[in-house]
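K.L.:
The following block contains a protein sequence and its predicted model.
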Amino acid sequence: MSKILVTGGAGFLGSHLCDRLVAAGHDLLCVDNFYTGSKANIAHLYGNPYFELQRHDVTFPLYVEVDQIYNLACPASPVHYQADPVQTTKTSVHGAINMLGLAKRVKARILQASTSEVYGDPEIHPQVEDYWGRVNPIGVRSCYDEGKRCAETLFFDYYRQHHLDIKVVRIFNTYGPRMHPSDGRVVSNFIVQALRNEEITIYGNGQQTRSFCYVDDLIEGMIRMMGTAADFPGPVNIGNPGEFTMLELAEKVLRLTGSRSKVVHRPLPPDDPRQRQPDISLAKAKFGWEPKVSLEDGLRQTIDYFRKALGLN
Ligand code: NAD
Ligand code: UDP
Ligand code: UDP
């Protein structure tokens, strides 16, 4: 049994990670300021003596004793991370400094939930880890993209300067149960719109692509990366290489929900990446990971979840 800290543990990915780690018999501390996360995501763990919840903002120091840290605290949806962009950068940068300082003091292994957004609007396709990316440093997405890039820099400087045991994963678009219905990301938007027979909002012409990973696959990849040898800090891509346009995604959601919704087009937000697909050869080679859940199967699970969450069955 290890003592494990999960920051952002009440969020979409964090709550699934808490479930897996508690089920594996670990002693878990979940830290969250509930900016985008919710108690509903973790309430089922409250009675468990090996689950502990602490309301805390990672931009402030945290003194606890743990063996491992998964640092997930950060809003992930463009709508939410752009609502208070200065706080988003603080969460990524000050949050990373505090969690790295904590890891240094207690000699814990620490994993950073980084993102495919470090590649920006990429010229290399699919994206490999040694591609440096094409990120606008002053745009509306920069608070998130540059915050996450700076967090990666801090992780690698603590690795080189203080010999910290670090792991960096670059997560590509992930979806599944417990996304917030008003989260604003494309999968939750399309499903909620389809289930309510409201207009499906495609931003731009819908030809931009994303690669969608089901949450269970993602969490498995993250935990496997945490278990790799200390001489492999990453960064490593985790995502599903299946690549779809937003028009294709809308069509699938409409078919799987049997919805009467019409597709409408809305303006494309600034700096919206045109394409995104992970090269996952490194994850396969280093820890034998690849995703197992197809987009259709994952969408079915997610649609079932939203039907219940919206009280539609
Ligand atoms: P989410 O918004 O559901 O979860 C983020 C959690 O962090 C929330 O519970 C929120 O309340 C908490 N949080 C935010 N600021 C905080 C702060 N200052 N102190 C403490 N807690 C704070 O998003 P998610 O999809 O679960 O993403 C989790 C992590 O994975 C994020 O770091 C995100 O950048 C990364 N990521 C997610 C995706 C994805 O597609 N889901 C893709 C790439 C990277
Ligand atoms: N820190 C923390 N918990 C700890 C140890 C450190 O939150 O258990 C914070 C501390 O506030 C500091 C940051 O982590 O600002 C970086 O710590 P580090 O020791 O690397 O740097 P220093 O304290 O020298 O600034
Ligand atoms: N998108 C869309 N309609 C929506 C929400 C998003 O067409 O209602 C598009 C968005 O412009 C982007 C893609 O879907 O091209 C993925 O957006 P999301 O916010 O989920 O994630 P990110 O842009 O960070 O990959």
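P.N.:
Thanks, I have it. Numbering: from 1, shown residues only. Ligands and ions are numbered 1, 2, ... in the order given.

K.L.:
How far does stretch 230-244 sit from its chain's centre?
P.N.:
Chain-centre distance of stretch 230-244: 12 Å, with C-alpha atoms, centre = their mean, to the nearest Å.

K.L.:
is that stretch anywhere near ligand 3?
P.N.:
No - shown here: stretch 230-244 not in contact with ligand 3 (C-beta under 6 Å from any ligand atom), separated by at least 10.2 Å. For the C-beta atoms, the positions are set from N, CA and C on the backbone; glycine is no exception.

K.L.:
measure that stretch end to end?
P.N.:
This stretch, stretch 230-244, spans 35 Å end to end (C-alpha to C-alpha, to the nearest Å).

K.L.:
How about the secondary structure of P137?
P.N.:
coil (DSSP: H, G, I helix; E, B strand; the rest coil).

K.L.:
shouldn't it be in contact with G147?
P.N.:
No - using C-beta atoms under 8 Å, P137 is not in contact with G147, being 11.2 Å away.

K.L.:
Looking at the two, which has the bigger crowd around it?
P.N.:
A count of neighbours by other C-beta atoms under 10 Å puts G147 above the other of P137 and G147, at 23 against 9.

K.L.:
Find me whatever residue is spatially closest to L282, sequence neighbours aside.
P.N.:
Excluding the flanking residues, the one nearest L282 by C-beta to C-beta, 6 or more residues apart in numbering is V236, at 5.1 Å.

K.L.:
tally of neighbours for G25?
P.N.:
Quick note: G25 (other C-beta under 10 Å) scores 10 neighbours.

K.L.:
So it: helix, strand or coil?
P.N.:
At G25 the chain is in coil, as set by three-state DSSP.

K.L.:
residue ranges for the strands of the stretch 151-300 of the chain, please.
P.N.:
With DSSP state E, counting those that start in this stretch as the criterion, the stretch 151-300 of the chain has strands at 166-171, 174-175, 200-203, 209-211, 213-214, 236-238, 243-245, 263-266.

K.L.:
Give me the neighbour count for G311.
P.N.:
Counted with other C-beta under 10 Å, G311 comes out at 6.

K.L.:
gap between it and N189?
P.N.:
Look at G311 and N189: by C-beta to C-beta, to the nearest Å, they are 18 Å apart.

K.L.:
With V58 instead?
P.N.:
27 Å.

K.L.:
pretty sure Y131 contacts G120?
P.N.:
No - assessed by C-beta under 8 Å, Y131 is found out of contact with G120, at 9.9 Å.

K.L.:
With neighbour numbers in mind, choose between the two.
P.N.:
Neighbour comparison, Y131 and G120: the larger count goes to G120, with 23 against 16 (by other C-beta under 10 Å).

K.L.:
contacting residues around that one?
P.N.:
Residues counted as contacts of G120 (C-beta atoms under 8 Å, 6 or more residues apart in numbering) are G133, R134, V135, N136, D145, D271, P273.

K.L.:
okay, the third one: pLDDT?
P.N.:
For V135, the pLDDT comes out at 97.

K.L.:
My guess is it contacts G147. True?
P.N.:
No - using C-beta under 8 Å, V135 is not in contact with G147; the gap is 10.8 Å.

K.L.:
where does the stretch 201-313 of the chain dip in pLDDT?
P.N.:
When residues are selected by pLDDT under 70, none of them lie in the stretch 201-313 of the chain.

K.L.:
Show me which residues of it sit near ligand 3.
P.N.:
Residues of the stretch 201-313 of the chain lying near ligand 3 by C-beta under 6 Å from any ligand atom: T201, I202, Y203, Q208, R210, M246, P269, D272.
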